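[1] just to be clear, the model below is a prediction. Sequence and coordinates:
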Amino acid sequence: EVHAGIASIQMVSPPGYTPTRLAEFSGEPGVDIEMVGLTPAPERLLFITGGNPNNQGEIPNPANLPDPRARTLWSLSVETGTKFPLDTSTSPAISSARVAPGGRSVVYAKGKEVWSHPLPEGSELVPGMAERLFTIRGSVAELLWSPSGKRLAFVSNRSNYGRGTYSYVGVYELRSRSVTYMAPGVGVDRDPVWSPDSERIAFIRAGEEPKTWRFSDLRQASPFSIVVAEAASGDGRVIWTSTIGYGGHFSGFDEGAGSIAINLLWLEDDRLVFPYELTSWKHLYAISLAGGEIQALTAGKFEVNGMSLSADRNNLLYWANSPEDPYRLHLYIISASKGMQSGRFSDGLGIEYDGFYSSDGEALYFRQAGPTTPERLLVRTVAGEELQISSGPLPGSPLTNKAIAGEVVTFESEDGLGISAVLYRPPVNADGKKRPAIVHAHGGPSAQIYPVWRSFFGYSTVMQYFASRGYVVLSVNYRSSTGFGLDFREPESYGGRGAGEVQDFIAAANFLTTLLPEVDSDRLVIYGHSFGGHIVPNVLARSDVYAAGIQSAGISDWVVEMEMDEGAVLPFNIPQRLEIEELAYSSSAISQIELWGDEPVLFLHGDDDHSAAMQQTQELYLALQRRGILVDALIFPGEMHGLRLYQNQAAYIRKIEAFLGTVFGLQED
């Protein structure tokens, strides 16, 4: 948990599930914490601190501390709270750590090496106990112990040699110290899962993404397959392959803020479960190990957002929206022992997601976010008791009392496409004065805004703050948002393929000024982060409906972005490349500078952003400055794509408020 910028590790145990603080990191502002696992007798918590390195191998240091940061694997005593560093690494950084069955050791990857550290029972840990298990080509990811603890699966990513994008699933035998690759073939092998008897392994073989993955029609992408192999020999076969064409590419579940991303599950009855967009909607399907026809476990005009499995492999938990309510996520359980019957587990005006079962099956943990309640962690016991186990603000606290519930609204874009949005509408002024309004563009773009208070700072927190300050706020699920089907998520024109989403934000402004009489049409602001930061200047350049813009970690030139993705110019022949680059450039805000009116822009960016390069902000800022446009900026040295430091988050909001005060002549109070 993070409160006021101080990260801590807390633990809960039945029956009371009262949080106990095990460790606090007040001296390490902005630290990232990744949980690895718990060990039994003695109870130790394994975790990693330090974020992922940038392309120079530097570990994030948003607080600009004078000493270099490192990624460290820790062991923390649950009883005493003392922590011990098992290994520290800068480049290559520690990743993909897993506790062995029985808790006697932990394995972790360091680039192309896999190391092991013993966790002896009843003895103190001492330095120098780690040993290297094996070294491979490429880099190691997705370490996964077999249930027996005698084998270790991993993914070997070979893409960093500049000779193609591909990977293999491998198995390491502890006794013989041998590495065997599982049915190596052509594609990106990923998401390995073990059979209950540890003798077989299944995985997904996805085709390489199109060379212009941000800008290609997914009908050009290769289909994906399910592969099953013998762990001892590596012999295997493809048991099923998706259809060729639209929907046949692999589109798995994404990892968000704290999200679980599991894309392949092995049921007790030897069926495999995976997501697939056969019907243009992301649903769960099952396939027998013998192959044959796939079985649809979910169906309809809604999308599954994630899944997990009970320890006995009989109950499949998933979270999804519904045809009746596509704007919220709820939990559902499919029972294999009851013929794969599905039942709804949660309901209401909030959303529930990221669910998982306790190892003994006695409890179900999940995240919940409410209309005016920030995201929190809940547990529901088999007896039906539901308890909040994170220490966030409770309903009725001073913070939540100031919150405004968002309501879902819909309107048509300029081309007739149906668009939904979440509206935060403060009470109408008693004196009849009109209010300024902020229209928000989320990042991704394949994300979805729900009418709840989620944890990402740049979305719900910023929205709630400005709504509490009297702004009408509209957060738009524009074309390319997820949750509304493949056709909506991958439209013909969006981003670097035509910037079609611009018309959705012109329609959003018209919705506010036409249907909400309290909105001041002369004080409309467009604000966006990441992909939303591409939308902000594009809308300002191609329309005159907004008075100002706020671009956060945005993109102004899709050609630059494409080349940074590739690390070089696009790998096409010259005519093809020029055609792609011409469309990408014409879809970029930087190509529209001469059409810009006089709308001022505030730029916000962390200079260690691994997603959106500072060059994007610099280029557009200077171009607008040369045209005499009012521009302002706040740069956060050392910060990443999402701000980690509390003081930087506070400065971010204060800067927006001061900028809008200058533009609109508002007085702060």
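    Now that the structure is in, tell me what you want to look at. All of these numbers come straight from a predicted model, not from anything done at the bench. Numbering: from 1, shown residues only.

[2] show me what the helix or strand containing Thr514 is packed up against.
    Using DSSP states H and E, Thr514 maps to helix 502-515. For helix 502-515, the elements it packs on are strand 407-412, strand 418-424, strand 435-441, strand 472-477, strand 519-529, helix 531-542, judged by 3 or more Cβ pairs under 8 Å, 6 or more residues apart in numbering; DSSP states H and E. No exception for glycine: its C-beta is placed from N, CA and C like everyone else's.

[3] of these, which is nearest Glu303?
    Proximity to Glu303 (Cβ to Cβ) singles out strand 472-477 among those, at 12.6 Å.

[4] next secondary structure after the closest one?
    helix 486-489.

[5] report the buried residues of that next one.
    Neighbour-count burial for helix 486-489 flags 486, 488-489 (criterion: 16 or more other Cβ atoms under 10 Å).

[6] can you check stretch 508-518 too?
    In stretch 508-518, residues buried by neighbour count (16+ other Cβ under 10 Å) are 508-513, 516, 518.

[7] cool, and stretch 277-293?
    Buried residues in stretch 277-293, defined by neighbour count with 16+ other Cβ under 10 Å: 277-278, 280-289.

[8] dump that stretch to PDB, restricted to CA.
    Extracted in PDB, the C-alpha atoms of stretch 277-293 (Å, rounded to 0.1, in the frame of the first residue of the first chain):
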ATOM      1  CA  GLU A 277     -11.900 -13.100 -29.900                       C
ATOM      2  CA  LEU A 278     -13.600 -15.500 -32.300                       C
ATOM      3  CA  THR A 279     -16.900 -13.500 -32.200                       C
ATOM      4  CA  SER A 280     -15.100 -10.100 -32.000                       C
ATOM      5  CA  TRP A 281     -15.700 -10.200 -28.200                       C
ATOM      6  CA  LYS A 282     -13.100 -11.500 -25.800                       C
ATOM      7  CA  HIS A 283     -14.400 -14.700 -24.200                       C
ATOM      8  CA  LEU A 284     -13.200 -17.800 -22.500                       C
ATOM      9  CA  TYR A 285     -12.800 -21.000 -24.400                       C
ATOM     10  CA  ALA A 286     -11.800 -24.600 -23.400                       C
ATOM     11  CA  ILE A 287     -10.000 -27.200 -25.400                       C
ATOM     12  CA  SER A 288      -9.300 -30.800 -24.600                       C
ATOM     13  CA  LEU A 289      -5.700 -32.100 -24.500                       C
ATOM     14  CA  ALA A 290      -6.800 -34.400 -27.300                       C
ATOM     15  CA  GLY A 291      -7.700 -31.400 -29.500                       C
ATOM     16  CA  GLY A 292     -10.900 -31.200 -31.400                       C
ATOM     17  CA  GLU A 293     -13.500 -28.400 -31.200                       C
END
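
[9] over to Gly81. Which of the three states is it?
    Three-state assignment for Gly81 (DSSP: H, G, I helix; E, B strand; the rest coil): coil.

[10] setting the sequence-adjacent residues aside, check what's closest to it.
    Nearest residue to Gly81, sequence neighbours excluded (Cβ to Cβ, 6 or more residues apart in numbering): Leu22, at 5.6 Å.

[11] on that earlier part again, mean neighbour count, mean pLDDT and distance to Tyr646 added to the helices and strands packed on helix 502-515, as JSON lines?
    Rendered in JSON lines, the data for these read as follows (neighbours: other Cβ atoms under 10 Å; pLDDT from 0 to 100; distance: least, Cβ to Cβ, whole Å):
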{"stretch": "strand 407-412", "mean neighbour count": "15", "mean pLDDT": "97", "distance to Tyr646": "30"}
{"stretch": "strand 418-424", "mean neighbour count": "22", "mean pLDDT": "97", "distance to Tyr646": "23"}
{"stretch": "strand 435-441", "mean neighbour count": "25", "mean pLDDT": "97", "distance to Tyr646": "22"}
{"stretch": "strand 472-477", "mean neighbour count": "26", "mean pLDDT": "98", "distance to Tyr646": "22"}
{"stretch": "strand 519-529", "mean neighbour count": "22", "mean pLDDT": "97", "distance to Tyr646": "18"}
{"stretch": "helix 531-542", "mean neighbour count": "28", "mean pLDDT": "96", "distance to Tyr646": "22"}
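
[12] quick one: the helices in the stretch 501-650 of the chain?
    Counting by DSSP state H, counting those that start in this stretch, the stretch 501-650 of the chain has helices at residues 502-515, 531-542, 558-566, 574-586, 614-626, 646-664.

[13] which one of those has the poorest average confidence?
    Mean pLDDT is lowest for helix 558-566 out of the helices of the stretch 501-650 of the chain, coming in at a mean of 80.

[14] and that helix, what's buried?
    Buried-residue list, helix 558-566, by 16+ other Cβ under 10 Å: 558-562, 564.

[15] and those residues, which is closest to Asn160?
    When these are ranked by distance to Asn160 (Cβ to Cβ), Met564 comes first, at 15.9 Å.

[16] the closest one against Ala612, yeah?
    No. Between Met564 and Ala612 there is no contact under Cβ atoms under 8 Å: 9.4 Å.

[17] per-residue confidence at the residue lying closest to Thr18 once chain neighbours are set aside?
    In this structure, Thr18 finds its nearest non-sequential neighbour in Val12, 6.6 Å apart by Cβ to Cβ, 6+ apart. For Val12, the pLDDT comes out at 84.

[18] so who does Val12 touch?
    Contacts for Val12 (Cβ atoms under 8 Å, 6 or more residues apart in numbering) come out as 18-20, 379, 389.

[19] which SSE is the spatially most distant residue from the centre of the chain in?
    Distance from the centre of the chain peaks at Asp431, with 43.0 Å (Cα atoms, centre = their mean). Assignment of secondary structure by DSSP H and E places Asp431 within no helix or strand.

[20] report the separation between it and Leu22.
    Relative to Leu22, Asp431 is positioned 52 Å away (Cβ to Cβ, to the nearest Å).

[21] for Thr279, give its distance to Leu417.
    Between Thr279 and Leu417 the computed distance is 20 Å (Cβ to Cβ).

[22] scratch that, Val169
    Applying Cβ to Cβ, the value for Val169 to Leu417 is 41 Å.

[23] look at the two and report which has more neighbours.
    Counted by other Cβ atoms under 10 Å, Val169 and Leu417 do not tie: Val169 has more neighbours, with 28 against 16.

[24] the more buried one - that's part of a helix, no?
    No. When three-state DSSP is applied, Val169 is found to be strand, with no helix at that position.

[25] for it, which residues are in contact?
    Applying Cβ under 8 Å, 6+ apart, the residues near Val169 are 153-156, 181-182, 189-190, 192, 201, 203, 229.

[26] measure it to Ala141 for me?
    From Val169 to Ala141 the distance is 10 Å (Cβ to Cβ).

[27] mind listing the shared neighbours of the two?
    Common neighbours of Val169 and Ala141 (Cβ under 8 Å, 6+ apart) are 154-155.

[28] quick one: pLDDT of the residue farthest from the centre of the chain?
    Value for Asp431, per-residue pLDDT: 83.

[29] quick one: which of the buried residues of stretch 277-293 is nearest to Arg71?
    After measuring the buried residues of stretch 277-293 against Arg71 - Cβ to Cβ - the closest member comes out as Lys282, at 32.9 Å.
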